[in-house]
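[1] Dropping a prediction and its sequence here:
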Amino acid sequence: MLLRRCHLIAVPFSTPSPPLPRRRPPWLRRPFSLLPSRLSQSPHTTISALSFTSGSCQASSDGELTENFPSKQGPLKPGLYLVGTPIGNLEDITLRALRVLKSADVILSEDTRHSGKLLQHYNIKTPLLSYHKFNESQREQVVLNRLQDGEIVALISDAGMPGISDPGSDLAKVCVEKDIPVIPVPGPSALVAALSASGLPTNEFTFVGFLPKHAATRRERLVVSANNATTQVFFVPPHKLCQFLEEASSIFGQSRRCVVAREMTKLYEEFWRGTIVEAIEAFSARQPKGEITLLIEGAAIVEDEILSDSQLENELGELISKGHSLSMAVKLVASGTSMKRKAIYSVALEKFGKLAQQHDSDDKF
């Protein structure tokens, strides 16, 4: 049927002519193309890595980065490269990150087994060296020696940007002090991803990260956050979510809005939105899994609030009864009012000076 319909076309099927040269569109003539190849229709899709070429950008069939890097980019200069890696979805890595990881002399990794899967996926053969919070101090001098010898050192964490609630900040600080170049290679961030999709104000925010383990210190940090007018962003381990919500409800108040972002960029990604008391009810019935970024809306701004002595006494007494020191109670009350700290402190000394001294003497024993 096809041959009968096409009988007027004077093209012999037995000996096909060579194809006419095509003029490539402008977006394919660039020296560094950003077009990934489309994947198969299988529900379990595998990602082919992109090769870096001076003329085009093609995915190799086995996922190997076999081509040369773009001539415009040139060789990487020596230094410490802080490379962002996916927080769950392997498609979220950048072309520049792949280039740096392939070109580096060594990759510092928080967990070599975890990072090895990423490198294997893109067939990157650069050697890995473990670098985590338990061996940072021991590794520091070894890494500095390699950097001072002119090597390219890439630092990655298990997920996201290194140095943000992950190892790397101390090493970057030392490198800056010793005039060793520190180069960020931006990538995925749980903080930014959760904030952008939260529905809470994003013009100003405070990144708290993981809370301290000590109960009193943790409570003090929550009080500071509760009095802040900006959106507060926390990292919370899944097994401590209910504890966090219970503590937050007594300090932020039960009606404060919050967002629980879980398993972002993964198959079971979830954004739960509601009040803190609703979150307690929702998550006490089920144990969440995966990394959690929790956001709480900022406090309502009260213009020029002046507290009476009785109001000051009540607020100070409540904070001191919860275990805060006198100076910390004064600081927390002052952060929520326009009154001068000196005036609040005089009231605190008058009303609670002896009680604070008693607490201090008890702590010594």
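    Great, that's in hand. Numbering: from 1, shown residues only.

[2] Model confidence score at the residue nearest to Arg256 when sequence neighbours are not counted, please.
    If you skip the residues right next to it in sequence, Arg256 has Ile276 as its closest partner in space, 5.4 Å away by C-beta to C-beta, 6 or more residues apart in numbering. All C-beta atoms are positioned from the backbone trio N, CA, C, and that covers glycine. pLDDT recorded at Ile276 is 97.

[3] ok, Ile276 - how many residues close by?
    Residues within reach of Ile276, counting by other C-beta atoms under 10 Å, total 23.

[4] tell me the contacts of it?
    Taking C-beta atoms under 8 Å, 6 or more residues apart in numbering, we find Ile276 in contact with 245, 248-249, 252-258, 296.

[5] From Gln232, how far out is it?
    Between Ile276 and Gln232 the distance, using C-beta to C-beta, to the nearest Å, works out to 12 Å.

[6] so what sits against both of those two?
    Taking C-beta under 8 Å, 6+ apart as the contact criterion, the common neighbours of Ile276 and Gln232 are Ile296.

[7] Which parts of the stretch 51-200 of the chain are strands?
    Taking DSSP state E, counting those that start in this stretch as the criterion, the stretch 51-200 of the chain carries its strands at 79-83, 106-109, 128-130, 152-156, 182-185.

[8] any idea which of these is most buried?
    The highest mean neighbour count among the strands of the stretch 51-200 of the chain, using mean count of other C-beta atoms under 10 Å, belongs to strand 152-156: a mean of 26.

[9] partners of that strand, with directions?
    Here strand 152-156 has these sheet partners by DSSP bridges: strand 79-83 (parallel), strand 106-109 (parallel).

[10] and of those, who's closest to Ala334?
    For these, distance to Ala334 was read as C-beta to C-beta. The smallest value, 37.2 Å, belongs to strand 79-83.

[11] Make TSV out of the strands paired with strand 152-156 and add mean pLDDT and distance to Ser335.
    What follows is those, written out as TSV (pLDDT from 0 to 100; distance: least, C-beta to C-beta, whole Å):
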stretch	mean pLDDT	distance to Ser335
strand 79-83	96	33
strand 106-109	94	39
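
[12] pLDDT score for Gln148?
    Residue-level pLDDT assigned to Gln148 equals 94.

[13] which residues of the stretch 251-365 of the chain score low on pLDDT?
    In the predicted model, the stretch 251-365 of the chain carries pLDDT under 70 at residues 302-305, 354-365.

[14] any chance you could map the helices in it?
    276-284, 309-321, 326-335, 341-364 (DSSP state H, counting those that start in this stretch).

[15] packing partners for the third one?
    In terms of contacts (3 or more C-beta pairs under 8 Å, 6 or more residues apart in numbering; DSSP states H and E), helix 326-335 is packed against helix 215-226, helix 309-321, helix 341-364.

[16] okay, these in CSV with distance to Gly84 and mean neighbour count next?
    Supplementary listing: the helices and strands packed on helix 326-335 in CSV, determined by distance: least, C-beta to C-beta, whole Å; neighbours: other C-beta atoms under 10 Å:
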stretch, distance to Gly84, mean neighbour count
helix 215-226, 26, 18
helix 309-321, 40, 16
helix 341-364, 41, 14
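
[17] Looking at these, which is nearest to Glu281?
    Distance to Glu281, taken as C-beta to C-beta, is lowest for helix 215-226 among the helices and strands packed on helix 326-335, at 20.0 Å.

[18] Which strands and helices lie in contact with that closest one?
    The criterion is 3+ C-beta pairs under 8 Å, 6+ apart, and the helices and strands that helix 215-226 contacts are strand 205-209, helix 241-252, helix 326-335.

[19] could you dump that helix to PDB, C-alpha only?
    Below are the C-alpha coordinates for helix 215-226, written out as PDB (Å, rounded to 0.1, in the frame of the first residue of the first chain):
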ATOM      1  CA  ALA A 215      16.800  20.400  75.900                       C
ATOM      2  CA  ALA A 216      17.300  23.800  77.500                       C
ATOM      3  CA  THR A 217      19.500  25.100  74.600                       C
ATOM      4  CA  ARG A 218      16.900  23.800  72.100                       C
ATOM      5  CA  ARG A 219      14.100  25.500  73.900                       C
ATOM      6  CA  GLU A 220      16.000  28.800  74.000                       C
ATOM      7  CA  ARG A 221      16.600  28.600  70.200                       C
ATOM      8  CA  LEU A 222      12.900  27.900  69.600                       C
ATOM      9  CA  VAL A 223      11.900  31.000  71.700                       C
ATOM     10  CA  VAL A 224      14.200  33.200  69.700                       C
ATOM     11  CA  SER A 225      12.600  31.800  66.500                       C
ATOM     12  CA  ALA A 226       9.100  32.200  67.800                       C
END
